[in-house]
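Asks: sequence and predicted structure below; questions after.
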Amino acid sequence: MEIEFDVKITTAILYDYMLQHTYSHLPGLMGTLVGVLMLFLFAANRQPLILIIAVVILLYLPWTLFLRAASQAKATPAFQKPLHYRLSEEGIEVSQEGTTEQMAWDGMVKAVSTPKSIVVYTTAVNACIFPKSDLGDGKYKVIEMISTHMPPKKVKIRG
């Protein structure tokens, strides 16, 4: 079985991916925890400075991630045109303007879903991002293909 589709990586898709990636790791979670603790401290003390610090801590990371996503979406040549993906028994193939890269299923690190995308990590920090809007009804075939070729412990996809 093979599945082929084209995806366009936009600022919104990249931001969605960056949020998921950041907040699923310890530094992102710790920043949020510190911000929430500061809110509790403000509730107990009613000190405006504590509220300001809490808001800055809670909003800084999402804001900077958005700016980084916008910058990357504009500056990365690969994101200017659609990427063509082919999922097969061998793995994932991505191509654009005559350049093709093949990645085997056994080399995939993990697969997750975000509100807007299905993400297959090819390394700890690199990933294939499949926007659900670009997949349409084919999303379920993509999920089935990923789930069939990757160990269950590596797949955390919610439809």
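Replies: Now that the structure is in, tell me what you want to look at. Numbering: from 1, shown residues only.
Asks: residue 93 reaches residue 101, doesn't it?
Replies: Yes: contact criterion Cβ atoms under 8 Å: residue 93 and residue 101 qualify, at 7.1 Å. All C-beta spots, glycine's among them, are computed from the backbone N, C-alpha and C.
Asks: which one's more surrounded, these two?
Replies: Legend: neighbour count by other Cβ atoms under 10 Å for residue 93 and residue 101, higher for residue 93 (16 against 11).
Asks: tally of neighbours for the closest residue in space to that one that isn't next to it in sequence?
Replies: Nearest non-adjacent residue to residue 93, counting by Cβ to Cβ, 6 or more residues apart in numbering: residue 86, 4.4 Å away. Counted by other Cβ under 10 Å, the residues lying close to residue 86 total 16.
Asks: the lowest-mean-pLDDT helix or strand in the chain: which residues count as buried?
Replies: Using mean pLDDT, DSSP states H and E, the weakest-scoring helix or strand in the chain turns out to be helix 26-45, at a mean of 90. The neighbour-count check on helix 26-45 (16 or more other Cβ atoms under 10 Å) flags 28, 31, 32, 35, 38, 39, 42 as buried.
Asks: Three-state assignment for residue 92, please.
Replies: Look at residue 92: counting by DSSP: H, G, I helix; E, B strand; the rest coil, its state is strand.
Asks: please disregard the earlier target; I meant residue 119.
Replies: Applying three-state DSSP: residue 119 is strand.
Asks: I figured it hits residue 130, correct?
Replies: Yes: between residue 119 and residue 130 there is a contact at 7.3 Å, judged by Cβ under 8 Å.
Asks: tell me the domain boundaries of this protein?
Replies: As recorded under automatic domain parsing, the domains making up the chain are 3-8+78-156, 13-75.
Asks: end to end on the shortest one, go ahead and measure it.
Replies: Distance between the boundary residues of domain 13-75 (Cα to Cα, to the nearest Å) amounts to 15 Å.
Asks: equivalent analysis for the first one, please.
Replies: The first residue of domain 3-8+78-156 is 20 Å away from its last residue (Cα to Cα).
Asks: for the remainder of this discussion, apply numbering that starts at 501.
Replies: With the count now opening at 501, the last piece we talked about shows up as domain 503-508+578-656.
Asks: could you list the low-pLDDT ranges of this structure?
Replies: 659 (pLDDT under 70).
Asks: any chance you could map the strands in it?
Replies: Under the criterion DSSP state E, strands of the chain are mapped to 503-507, 583-587, 591-596, 599-604, 610-613, 617-621, 627-631, 655-656.
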